[in-house]
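S.K.: below is the sequence, then the predicted model.
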Amino acid sequence: MAISKILIVGAGPSGLLLALMLARAGISVELLEMTTELDKNPRASHYAAPACYELQRAGVLEEVRRLGFLPNSVSWRKLDENKTRLTGIRNADMDADDPLRMVCLTLDRLGKILQEHVKAQPNAKISYNYKVTGLGQDESQAWVDAAAPEGPKRMTADYIIGCDGANSQIRRGLFGDFNFPGRTWDEQIVATNVYYDFPEDYDDSNFFIHPEHWHMVAKIGTDGLYRVSYGEIGGLTTEQLRERLPYKFKAMFPGHPKPSQYNVVNFSPYKIHQRCAERMRAGRFLLVADAAHLCNPFGGMGLTGGIADVGSLYDSLVGIHIGQADDSILDKYDEIRRKIWHEIIDPISSGNIRRLFGQDADEALEKDDFLKMLKRAETDKELSLQMQAGAMSLRHDMTQYYRKPADSKENVSEIRAKTVL
């Protein structure tokens, strides 16, 4: 039975992307967003292969590549006076025309692209300043109660999808305010966007190994803008962290600059978590991306994993809509996406952050298996390409669970083609 309407709560990148893909597949969709504008805080900006795959299916990858840029390389370094490069990997080993090659564009700019494309869809709507206050469901529909500009409102749909971030009201309404299994790191992170004249021998992304001043420096624009995310002492207030920023930058940046020598345009401290909801489906409610799971940002597993969620859920819902799957495919979505988080995203992202503060930089190339593999890949292009392609393990093809009509000669590949935009 065709889906008549889907509600998506949260107009961040995952919500906007899912809405666009569903609308282009002929499904009516409405997004509810509690704020009045897109989030402008410094957040993830690098889209690995699985994310590029979904952006291409949504029809926006070409625009993202045109407005962003293709990072050439990433490295791991010591925080000594020379910022010694230990090893790294060249994204440029992939052909520039390969749609799966990593692309960089700040998340607020991606949001604007997606927002405009969603607005252009006749069967899609974005309702801003709608705050979810309650939810419910029965055998035939799901609903949310919302505080809207025109007053309290109840909105119904066949399915309701929580894309409303780490503090998801949908997840809280389903499982409780404090039921989000996992852990919170003792360390915390400060993410900044900053203009500074970093040396030419810096790679496009640089990870620095140090017990106190571990950090990442990544180029995120073509005008000299960098993302600098660094570890800090847990428990400090935002004001205390802001007061410590000059000390941190002086210790981390080449040239040990004074505040007058750099320009900080965004400052965003936050706690870091490794958490996954006990379920990503509860009847007619589903969770996606940060509403469903969290991890630390080093390595981009959270952003890429969230966009991979979008692709899996999109295929599942389209399968229901075109009559090639029943709603049990949503249980499969729940099972597979949580398994990917537990078996891939959580261990790899945890390893990424521990690599920065949990080892001696002088011994890293001898003891760290990942860095040793990167060292081999510097002179082995095939290994380099294999490592970059490994990110596709975050994606899962849900169309393999579609059923073939008994009275049709249509094969599985033709059924799958219907879901490719």
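M.R.: Sure, I can see it.

S.K.: any idea of the pLDDT on Glu414?
M.R.: Note on Glu414: pLDDT of 52.

S.K.: who are the contact partners of Ala191?
M.R.: Contact analysis of Ala191 by CB atoms under 8 Å, 6 or more residues apart in numbering lists Asn41, Pro42, Arg43, Arg227, Val228, Ser229, Asn266, Phe267, Ser268, Pro269, Tyr270, Pro297. Where C-beta positions appear, they are placed from N, C-alpha and C, glycine not excepted.

S.K.: show me the residues you listed that map onto strands.
M.R.: Arg227, Val228, Ser229, Asn266, Phe267, Ser268, Pro269, Tyr270 (DSSP state E).

S.K.: apart from its neighbours in sequence, what residue is nearest the most centrally placed residue in the chain?
M.R.: Nearest residue to the geometric centre of the chain (CA atoms, centre = their mean): Leu303, 1.1 Å. Spatially, and ignoring its direct neighbours in sequence, Leu303 is nearest to Ala44 (3.9 Å; CB to CB, 6 or more residues apart in numbering).

S.K.: the one you found touches Leu107, doesn't it?
M.R.: Yes - with contacts defined as CB atoms under 8 Å, Ala44 counts as touching Leu107 at a distance of 5.8 Å.

S.K.: which residues are in contact with both of the two?
M.R.: Leu303.

S.K.: just the buried residues from the ones in strands among the contacts of Ala191, in ChimeraX please.
M.R.: Burial among those is assessed by 16 or more other CB atoms under 10 Å; the matching ChimeraX selection reads:
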select :227,228,229,266,267,268,269
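
S.K.: neighbours around the residue nearest to Leu303, how many?
M.R.: 22 (other CB atoms under 10 Å).

S.K.: got the confidence number for it?
M.R.: Value for Ala44, per-residue pLDDT: 75.

S.K.: that one: what's it in contact with?
M.R.: Per CB under 8 Å, 6+ apart, neighbours of Ala44: Leu107, Pro297, Gly300, Gly302, Leu303.

S.K.: Gly306 and Pro297, how far apart?
M.R.: 12 Å (CB to CB, to the nearest Å).

S.K.: and the pLDDT for the nearest residue to Val60 once chain neighbours are set aside?
M.R.: Sequence neighbours aside, Ile113 is the residue nearest to Val60 in space, at 5.5 Å (criterion: CB to CB, 6+ apart). As predicted, Ile113 sits at a pLDDT of 96.

S.K.: surely Ile113 and Leu61 touch.
M.R.: No - in terms of CB under 8 Å, Ile113 does not count as a neighbour of Leu61; the distance is 10.1 Å.

S.K.: these two: who's more crowded?
M.R.: Set Ile113 next to Leu61 and count neighbours by other CB under 10 Å: Ile113 wins out with 22 against 19.

S.K.: contacts for the helix or strand hosting the more buried one next, please.
M.R.: Per DSSP states H and E: Ile113 is located in helix 107-119. The contact list for helix 107-119 (CB under 8 Å, 6+ apart) reads 11-13, 16-17, 19-20, 23, 31, 38-40, 43-45, 58-60, 63-64, 67-68, 124, 126, 303.

S.K.: buried subset of these?
M.R.: 11-13, 16-17, 19-20, 23, 31, 38, 43-45, 58, 60, 63-64, 68, 124, 126, 303.

S.K.: now, these that are in helices?
M.R.: Pro13, Leu16, Leu17, Ala19, Leu20, Ala23, Glu63, Val64, Leu303 (DSSP state H).

S.K.: which of the residues you listed sit farthest apart?
M.R.: Using CB to CB, the two most remote members of these are Ala23 and Leu303, lying 22.1 Å apart.

S.K.: Phe249 and Phe175: what is the separation?
M.R.: Taking CB to CB, one finds Phe249 at 40 Å from Phe175.

S.K.: these two: who's more crowded?
M.R.: Phe249 (23 against 17).

S.K.: coming back round to it: pull the most distant pair out of the contacts of Ala191.
M.R.: Phe267 and Pro297 (15.5 Å).

S.K.: ok so, going back, tell me the one of the contacts of Ala44 nearest Gln137?
M.R.: Gly302 (28.1 Å).

S.K.: ok, now which ones touch that closest one?
M.R.: Per CB under 8 Å, 6+ apart, neighbours of Gly302: Ala44, Ala289, Asp290, His293, Leu294, Cys295, Asn296, Ile345, Ser349.
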